[in-house]
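Trainee: Return a 3D structure for these sequence lines:
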Amino acid sequence: MVIPAEVAWLIPTVLPLVIGLLVGLIVKKTFKLLIVIAVLLAVLVTIGAISLTFQDVYSRALEILPKLIQTGRSELDVLPYSSLGFLIGLGLGLWKG
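Mentor: Okay, the predicted model is just below:
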């Protein structure tokens, strides 16, 4: 498939914008979900339905966070985060998502 030269310049311009929009939407929805889960846990701990100590949370965080950070570093290499189109798309995705 041959892409005409008149249209070929749009692909590297629009593709990072679309990727930025999608990443912005995912980040915003994930952040909202994390807030809801935190509020639910706070309510459950307050009413005594579950018992959660600081030491339990701390030890679990030390177990999970290094894996999460390593995964995030490898995924960050895939995103075109230095592109202006990506940053504009990310901002629009976070704002309007």
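Trainee: Could you check how far G89 is from V2?
Mentor: According to Cβ to Cβ, to the nearest Å, G89 and V2 sit 27 Å apart. (Each C-beta comes from the backbone N, C-alpha and C, glycine too.)
Trainee: Look at these two and report which has more neighbours.
Mentor: G89 (24 against 5; other Cβ atoms under 10 Å).
Trainee: Please name the residues that touch the more buried one.
Mentor: 16-24 (Cβ atoms under 8 Å, 6 or more residues apart in numbering).
Trainee: among those, who's most crowded?
Mentor: Highest neighbour count within the contacts of G89: G20, with 25 neighbours (other Cβ under 10 Å).
Trainee: Leaving out the residues flanking it, which one is nearest to that one?
Mentor: Nearest residue to G20, sequence neighbours excluded (Cβ to Cβ, 6 or more residues apart in numbering): G89, at 2.4 Å.
Trainee: Just want the phi and psi numbers for the one you found.
Mentor: phi -60, psi -40 (degrees, to the nearest 10).
Trainee: Just want the most central residue of the protein.
Mentor: For the chain, V27 is the residue whose C-alpha lies nearest the centre (Cα atoms, centre = their mean; 3.3 Å).
Trainee: didn't L22 look like it was pressed against L90?
Mentor: No. Assessed by Cβ atoms under 8 Å, L22 is found out of contact with L90, at 9.3 Å.
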